[in-house]
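Peer 1: any chance you could fold what I've pasted below:
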Amino acid sequence: MEKTEKIWMNGKLINWGEASVHVLTHAMNYGTAAFEGIRVYQTPKGRAAFRLREHLTRLLDGCKVMGIEPVFGGKTYGLEEVIDAVKVCIRANKKVDYVKPCVFLSGEDVGLNPVGVPASLYVACIYMGSYLGSASSGAKVITSSWHRPDNLCGPAGAKVSGAYVTSCLAKREAVQAGASEAVMLNLTGHVAECTGENIFICSNGKIYTPQISECILDGITRKSVIEIAREMGYEVAETQITRTQLVTADEVWMTGTAAEIVPVTSVDGRIIGSGKTGEITEKVHGRFHEIVTGKDPKFGKWLEYID
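Peer 2: Below is the predicted model:
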């Protein structure tokens, strides 16, 4: 990750090093925050944020789930105001390929009660590069001993900070085992998702991905890939996936804003397919890259131009 120059905080651009909060900030102690990650791509028309409106709608939906009123610095923010804030921050920085807006309870209270605690919004821009390494080399994945939290444990479908504690534990487990990612099973033992990515498998030319009711995040890259794959003529089923189906699949790949599309070449020491990026994975990835870099006007609605 490369730092940038400016961060947007509650209506003002501040220097990177000045972006700080108190040690008793409610969100830091209790995970009371909602956040997003948004990729920024270079296109023939300039920089563009991928599906910016969908991401920021989900951010505000996360605020609703958490019961956080979008009032920051005394001003109420709707979707258009948050979009403007993100654009202002991107324009204020030179080298940006990833944006992280976050709404968090910023009051300095000790105790779990979130009612009446003031909130803040920050927008941070960075240059991330490749999150999980080269898409051509493939990723080694393990099945985590930590399960994906279900809907009775918390808002499994919302992108809220506290829900990612389990993801951090699973990620640590993967890295310590020499893998780059971990896949988490849900309460019923079905494949749910990875620590920060949705997952797809391909068997006999058909694509499968866990359905929303499997306690997964309704990923925006996931939805995009489903639409792209169907447009390419592939059959895509949103369904239940077992661990056996995962390790015996012809191809496996992960999707996410940070990860984009990354092939999986081994799961729990078992080689997937030929052990190399599969043909369908490669074709879908190539089509996705064309779209996000502005080379297909058919999907121009997915790009929000910045400059």
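Peer 1: okay, CA-based contacts and neighbour counts for the rest of this
Peer 2: Noted.
Peer 1: leaving out chain neighbours, which residue sits closest to residue 146?
Peer 2: Of all residues not flanking residue 146 in the chain, residue 170 sits nearest, at 6.0 Å (Cα to Cα, 6 or more residues apart in numbering).
Peer 1: neighbours of that neighbour, how many?
Peer 2: Look at residue 170: counted by other Cα atoms under 10 Å, it has 25 neighbours.
Peer 1: just checking, what packs against the helix or strand harbouring it?
Peer 2: When elements are assigned from DSSP states H and E, residue 170 belongs to helix 165-176. Where contact means 3 or more Cα pairs under 8 Å, 6 or more residues apart in numbering; DSSP states H and E, helix 165-176 is packed against strand 181-185.
Peer 1: contacts for the strand it packs on?
Peer 2: The contact list for strand 181-185, computed with Cα atoms under 8 Å, 6 or more residues apart in numbering, reads 139-148, 170-171, 173-175, 191-195.
Peer 1: buried ones among these?
Peer 2: Buried by 16 or more other Cα atoms under 10 Å: 139-144, 146-148, 170-171, 173-174, 191-195, out of the contacts of strand 181-185.
Peer 1: just the residues you listed: which are in strands?
Peer 2: Among those, the subset assigned to strands under DSSP state E consists of 139, 140, 141, 142, 143, 191, 192, 193, 194.
Peer 1: how about the residue nearest to residue 146, what does it touch?
Peer 2: By Cα under 8 Å, 6+ apart, residue 170 lies in contact with 144, 145, 146, 182, 184, 195.
Peer 1: looking at the third one now. What's its pLDDT?
Peer 2: Residue-level confidence at residue 146 comes out at 97, pLDDT.
Peer 1: next one: the last one
Peer 2: Residue 195 is assigned a predicted lDDT (pLDDT) of 97.
Peer 1: so how far is residue 146 from it?
Peer 2: To residue 146, residue 195 is 10 Å away according to Cα to Cα, to the nearest Å.
Peer 1: now swap in the fourth one and tell me
Peer 2: For residue 182, the distance to residue 146 equals 9 Å [Cα to Cα].
Peer 1: which ones are touching the spatially closest residue to residue 253 that is not a sequence neighbour?
Peer 2: Leaving aside its chain neighbours, residue 253 sits nearest to residue 263 (4.1 Å; criterion: Cα to Cα, 6+ apart). By Cα under 8 Å, 6+ apart, the residues touching residue 263 are 135, 136, 137, 138, 139, 251, 252, 253, 254, 277, 278, 281.
Peer 1: quick check: end-to-end length of stretch 176-191?
Peer 2: When the termini of stretch 176-191 are compared using Cα to Cα, they are 21 Å apart.
Peer 1: give the buried residues for that stretch.
Peer 2: Burial within stretch 176-191, assessed by neighbour count using 16+ other Cα under 10 Å, is assigned to 179, 180, 181, 182, 183, 184, 185, 186, 190, 191.
Peer 1: any idea how far that stretch is from the chain center?
Peer 2: Distance, stretch centre to chain centre, for stretch 176-191: 17 Å (Cα atoms, centre = their mean, to the nearest Å).
Peer 1: neighbour-wise, which one of the contacts of residue 263 leads?
Peer 2: Using other Cα under 10 Å as the neighbour criterion, residue 252 leads the contacts of residue 263 with 30 neighbours.
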